[in-house]
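S.K.: Sequence first, predicted model second:
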Amino acid sequence: MTTGYVWHELFGWHDTGSGPLFPADPAAGIQPLAHLAHPDTKRRMHELIAVSGLLDHLTRIPTRVATEAEILRVHTPEHVERIQRESGLPKGGDAGDGFSPFGKGGYDIAALAAGSAIAMVEAVAGRSVDNGYALVNPPGHHALPGTGMGFCIFNNVAVAVRHAQAELGIRRVAVVDWDVHHGNGTQAAFADDPTVLTISLHQDNCFPPDSGPVTDRGRGAGTGYDLNIPMPPGTGDGGYRYAAEAVIAPALEAFRPELIVVASGFDANGMDPLARQLISSRAFVHLTETVMAAADSSAGGRLVLVQEGGYSPVYVPFCGLLTIATLAGVPVLEDPILPIIAGQAGHELEPHQKDAVDRAAALVTDITAG
Ligand code: 9RB
Ligand code: ZN
């Protein structure tokens with residue numbers, strides 16, 4: 001198995017400003033602190049991939065900047081122009097919601113993230129590697145056509161999927177979003193499109209507020225091709241395993257995509273400050289095995305993972321390392337944090353978690369391989 005890998009030092013230079021979520025403001029009591037989405041978490045993940053030796057088994061895919069035309073396949077000219085304009089200001093700007101700051105030159109880093117997702121899809125579609133992991137930053141899955149939000153500027157996954165359809169001869173794509181937050185931007189980009197199945201496995205009503213109920217199913221010709229699996233807070237490895245087996249695997253088997261793209265956030269881990277789930281690296285390995293088996297079944301193994309969220313600088317690197325080691329089929333060091341996360345109670349599937357999964361599972365029968 002050859003696994004592609006993308007990282008660029010500039011992803012670690014994305015400037016998230018001086019406050020933990022919003023800019024520091026003494027009058028409001030907000031002290032300066034590294035932003036929760038500070039890129040050091042992702043840089044630490046890259047460094048663990050290097051230091052562990054896994055990097056030696058991966059095929060480095062060159063990064064590239066997405067062109068304006070590529071970004072405009074998903075986003076409005078007004079959004080692209082606003083990001084470009086604010087990117088030229090001495091202190092940069094904000095993706096759109098006031099808690100997603102970027103520094104001077106932020107446009108170029110965001111366009112590099114989107115372009116690197118494209119580069120990985122090209123490498124996998126063109127069979128120069130079997131599968132791949134694009135460790136990009138800033139993330140993308142909350143970005144809507146007309147605005148960024150939730151730390152996301154451009155929707156990297158959506159831009160890469162539209163590129164695959166426009167340039168690479170691929171029609172049917174499944175997006176599996178296991179970031180703990182709802183993939184609202186990706187859902188919106190493909191809501192009326194039956195050629196792109198979007199599956200979002202997320203914590204019920206976490207972020208964005210009131211987003212991602214199981215009743216959101218797409219619209220028009222795309223009805224049935226958005227699948228949301230909102231999980232109760234406090235779900236552990238057992239609940240995630242059941243969601244993978246009862247919904248994600250059968251939905252992908254029914255849809256039979258030609259390419260699977262994963263919006264890979266690690267913020268469902270039991271140490272994350274921006275969510276209330278409990279999972280360990282074991283669950284990320286199982287999710288990865290689930291999408292690998294589905295890709296083997298219908299897509300000739302074509303599988304691309306693109307980084308989204310994850311805010312524990314301690315635990316995200318291990319979750320990412322074991323995910324990529326699974327993709328590559330290479331054994332690496334053991335997760336030293338696993339006894340702390342997996343040793344705590346909360347990993348058994350609970351009845352209310354099973355009910356939540358079963359509500360989504362009941363919708364899988366409406367998906368066909370059209
Ligand atoms: C604030 C609000 C958030 C909460 C979570 C995220 C996570 C994003 C991610 C982003 C912004 C609300 C500060 C609501 O990891 N996605 O994958 N901000 N939440 N209101 N206010 C004032
Ligand atoms: Zn997230």
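M.R.: On my side now, so go ahead. Ligands and ions are numbered 1, 2, ... in the order given.
S.K.: count of neighbours near the closest residue to ligand 2 within the chain?
M.R.: Using C-beta to the ion, the closest approach of the chain to ligand 2 is made by Gly309 at 2.8 Å. For every residue, glycine as well, the C-beta is placed using N, CA and C. For Gly309, the tally of surrounding residues (other C-beta atoms under 10 Å) stands at 28.
S.K.: Enumerate every residue touching the closest residue to it other than its chain neighbours.
M.R.: Using C-beta to C-beta, 6 or more residues apart in numbering and skipping the chain neighbours, the partner closest in space to Gly309 is Gly265 (3.9 Å). For Gly265, the contacting residues are 139, 141, 177-181, 307-310, taking C-beta atoms under 8 Å, 6 or more residues apart in numbering as the criterion.
S.K.: can you give me the end-to-end distance of stretch 2-11?
M.R.: One end of stretch 2-11 to the other measures 24 Å (C-alpha to C-alpha, to the nearest Å).
S.K.: Show the contacting residues for His286.
M.R.: Shown in contact with His286 (C-beta under 8 Å, 6+ apart): 237, 240-241, 244.
S.K.: For Met45, see how far away Ile337 is.
M.R.: Distance, Ile337 to Met45, using C-beta to C-beta, to the nearest Å: 13 Å.
S.K.: more crowded one of the two?
M.R.: Between Ile337 and Met45, counting by other C-beta under 10 Å, Met45 is the more crowded of the two (25 against 19).
S.K.: wait, the more buried one sits on Pro313?
M.R.: No - between Met45 and Pro313 there is no contact, the gap being 9.1 Å when judged by C-beta atoms under 8 Å.
S.K.: related to what we said a few turns ago, now the contacts of Gly265: which count as buried?
M.R.: Of all the contacts of Gly265 considered here, the ones buried according to neighbour count by 16 or more other C-beta atoms under 10 Å are 139, 141, 177-181, 307-310.
S.K.: just checking: which of the residues you listed also lie near ligand 1?
M.R.: When C-beta under 6 Å from any ligand atom is taken as the criterion, the members of the buried ones among the contacts of Gly265 that contact ligand 1 are 139, 141, 179, 181, 308-309.
S.K.: Tell me which two in those residues are the farthest apart.
M.R.: Between any two of these, the greatest separation by C-beta to C-beta is 9.6 Å, found for Pro139 and His181.
S.K.: what's in contact with stretch 290-302?
M.R.: Stretch 290-302 is contacted by residues 124-125, 130-131, 174, 176, 244-245, 248-249, 252-253, 255-260, 262, 303, 326-327, 369 when judged by C-beta under 8 Å, 6+ apart.
S.K.: To which secondary structure element is the spatially most central residue of the chain assigned?
M.R.: Among the residues of the chain, Ala263 comes closest to the average C-alpha position under C-alpha atoms, centre = their mean, at 2.5 Å. Using DSSP states H and E, the secondary-structure element containing Ala263 is strand 259-264.
S.K.: With Gly132 instead?
M.R.: strand 131-134.
S.K.: Starting from that strand, tell me which strands it pairs with and how they run.
M.R.: Within its sheet, and counting by DSSP bridges, strand 131-134 is paired with strand 3-6 (parallel), strand 303-307 (parallel).
S.K.: Now do that strand, average pLDDT.
M.R.: Strand 131-134 comes out with an average pLDDT of 98.
S.K.: Ala268 is in contact with the residue of the chain closest to ligand 2, correct?
M.R.: No - counting by C-beta under 8 Å, Ala268 is not a contact partner of Gly309; they are 9.4 Å apart.
S.K.: Now do the shared contacts for those two.
M.R.: Common neighbours of Gly309 and Ala268, counting by C-beta under 8 Å, 6+ apart, are 179-180.
S.K.: sorry, back to before: quick one: which of the strands paired with strand 131-134 is nearest Ile153?
M.R.: When these are compared for distance to Ile153 using C-beta to C-beta, the nearest one is strand 303-307, at 13.9 Å.
S.K.: Contacts for that closest one, please.
M.R.: Residues lying outside strand 303-307 but in contact with it, judged by C-beta under 8 Å, 6+ apart, are 42, 117, 120-121, 124, 131-137, 139-140, 156-157, 160, 259-265, 288, 291-292, 295, 320, 323-324, 327.
S.K.: before we move on, back to that, any chance of a markdown table for the strands paired with strand 131-134, columns distance to Leu349 and mean pLDDT?
M.R.: As requested, the strands paired with strand 131-134 are exported to a markdown table (distance: least, C-beta to C-beta, whole Å; pLDDT from 0 to 100):
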| stretch | distance to Leu349 | mean pLDDT |
| --- | --- | --- |
| strand 3-6 | 31 | 98 |
| strand 303-307 | 25 | 99 |
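S.K.: quick revisit: so the residue of the chain closest to ligand 2: helix, strand or coil?
M.R.: coil (DSSP: H, G, I helix; E, B strand; the rest coil).
S.K.: Please list all residues in contact with it.
M.R.: 37, 139, 151, 179-181, 265-267, 274 are the contacts of Gly309 under C-beta under 8 Å, 6+ apart.
S.K.: before we move on, the earlier item: if any of the contacts of stretch 290-302 are buried, give me the PyMOL selection for them.
M.R.: In PyMOL, a selection of the buried entries from the contacts of stretch 290-302 looks like this (16+ other C-beta under 10 Å):
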select buried, resi 124+125+130+131+174+176+244+248+249+252+255+256+257+258+259+260+262+303+326+327
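S.K.: Cheers, nothing more for now.
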